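In: using only what follows, build the 3D model:
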Amino acid sequence: MAHVTAQGFTNADEFVEVPAGSIKELLKTLCRSTLPAGVSLPYLCCMRFRGLRLFLDYKERRGDAILAGDYTNENDAGEITRWTGRVSELDSLKDGDEIAKPMTLESWAKWEKFEEQVDSYLRHYRNPSGTPLSYVIRESAEVTQEIKDFEYATIDDDVIETTVLEGDQYELDNQRVFELVIKPFIVKGPGWAYAKKFARTRDGRAAYLAVKAQAEGPAAVQSRKDWAYAQIMDATFNGKGRFSFQSYIDRHKDAHNTLELLDEEVAEGKKVTDFLKGITDSRLAAGKDTVRGDNAKRTNFDEAQQYLLAITVGWKTESAAERRGVAAAGQGKEAGKTGRGRGKPGKGFQKKNKPRVRLGHYQFDEWSELSTDEQAQVRALRKDAKKRKASAATTGDASDDAPTKKVKIAAAKASESAAKPKAAIKLAVSVEEDDGKTTSVEAAASEKPAVASDKTVDTVSGGAGDQFGRFAHKPAAKDTAAAVTTKRRSSL
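Out: Okay, the predicted model is just below:
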């Protein structure tokens, strides 16, 4: 004990003045000092010493007198065990733990959720004694003996309810609450009008309670009730879209909880009636009838919703089975007569062939399957085909096996009869058969002057190409004789 007094401590009150976070440093200093022979500071001793510091702070924050012998395990007190465990609990908390921030209070209808989230948020922030900052915004300002004597489940619950709202540490904690909650989550909503007057002093508790009083006032309470009833009446489930049946249940349950907190009694039968009314999915029609016919389900919301929810769970199983069946049927179509329709391509499996490079027309999906190089090859083939068609050879090069017909049109400009407005064009058509015989037909037609040309074109039916082909737009020459020779060959 001489080493403790050597550090300047003469009584327990002076020991309490040392910040709880500095006790570790004190213990390190004691360990570095020269200890008497046979004296040591084992780990358990250090843990109990730190627990003593927390116990003394606890007694002071409650306004209790510190008496010798209070920190003991005798007489079923168990204070040493309790506060040593508290040391381990606080050491396990990590400063880097992510804390979920509360929502912004944008309307009074959201007050209930906002209040819950703020309480959880402030429980993660602690003062040097390990007390959660949520004690600052608790409802009761006074700490009565009845509150002190209550059996709390945890030390956190105990210190939140029994820590007095005064002293230097409370003032620091109160200002910190203003910075953590009031400024970031209330300043942008309707509550700021009631908290703003406490901004100069940064009185977090006063600002929060002012907002709470307005949120829980008669007008706000009625507004929250209206919101809850609207949630129930507007909710519908038709089985379409992403709004699941579980989400439909949650919306009703959330509204029921809000009404219960506002002391609004809603009969179970009314809850079930409203719940069934919003269900329009025909697949639940039989289930709804069952609920109406069963007195236990008709008068108990939880039983009714759980019964119908079990039916919708079966939908997922059936849908999965249907999808597997459709997939198997699709694969079966791809398989051959002896194929199995699933698995790797094997015997009887007809694998879809990739489209080849060709000159003809492609469907969109076929064109998409071609690579960039293959698409370029197709374009080149089409370009060459156009060139060949534009500059076709005068004499046909068709084989004897394929019957073809070439028409040669030769137009020569007449040197005379320039004064005539229109000139007669004499057409001599000679048809040479395979046996060597030739027949001739002459015809006359009046045409406009045309530029002399010597073109050979493919034709399927004689005459149509001349009138409607790519040379039909060019005028005929005056005093011009056109010789049209048609050769027709046929295979023997």
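In: what about the stretch 251-400 of the chain, any weak spots by pLDDT?
Out: Residues of the stretch 251-400 of the chain that meet the criterion pLDDT under 70 lie in 316-354, 393-400.
In: and the helices in it?
Out: Applying DSSP state H, counting those that start in this stretch to the stretch 251-400 of the chain gives helices spanning 268-277, 285-293, 295-298, 301-334, 364-369, 372-390.
In: if I look at residue 232, how far off is residue 265?
Out: Going from residue 232 to residue 265 by Cβ to Cβ, to the nearest Å gives 14 Å. Heads up, the C-betas are built off the backbone N, CA and C, glycines and all.
In: before we move on, what about residue 280?
Out: Look at residue 280 and residue 265: by Cβ to Cβ, they are 28 Å apart.
In: go on, residue 253?
Out: Noted for residue 253: a distance of 16 Å to residue 265, by Cβ to Cβ.
In: again, but for residue 92
Out: For residue 92, the distance to residue 265 (Cβ to Cβ) stands at 44 Å.
In: do you know how far residue 183 is from residue 104?
Out: For residue 183, the distance to residue 104 equals 11 Å [Cβ to Cβ].
In: please apply the same query to residue 177.
Out: Using Cβ to Cβ, residue 177 is found at 17 Å from residue 104.
In: more neighbours, the two?
Out: Higher neighbour count among residue 177 and residue 104: residue 177, with 23 against 15, using other Cβ atoms under 10 Å.
In: wait, what's in contact with that one?
Out: 122, 133, 136, 137, 204, 205, 208 (Cβ atoms under 8 Å, 6 or more residues apart in numbering).
In: grab the nearest non-local neighbour of it.
Out: Ranked by Cβ to Cβ, 6 or more residues apart in numbering and with sequence neighbours excluded, the top spatial neighbour of residue 177 is residue 204, at 3.2 Å.
In: hang on, isn't that neighbour packed against residue 134?
Out: No - using Cβ atoms under 8 Å, residue 204 and residue 134 do not qualify as a contacting pair, with a distance of 11.3 Å.
In: out of those two, which sits in the more crowded spot?
Out: The neighbour comparison of residue 204 against residue 134 (other Cβ under 10 Å) goes to residue 204, with 25 against 19.
In: residues contacting the more buried one?
Out: Going by Cβ under 8 Å, 6+ apart, the list of residues near residue 204 reads 136, 137, 174, 175, 176, 177, 178, 179, 180, 181, 182, 198.
In: let's see 6 Å
Out: Residues in contact with residue 204 (Cβ atoms under 6 Å, 6 or more residues apart in numbering) are 174, 177, 178, 182.
In: neighbour-wise, which of residue 253 and residue 265 wins?
Out: residue 253 (15 against 7).
In: look up how far residue 177 lies from residue 183.
Out: Here the criterion is Cβ to Cβ. By it, residue 183 lies 10 Å from residue 177.
In: domain parsing for this protein?
Out: 2-92, 108-216, 221-315 (automatic domain parsing).
In: give me the number of residues near residue 220?
Out: Residues within reach of residue 220, counting by other Cβ under 10 Å, total 19.
In: kind regards, and thank you for your time.
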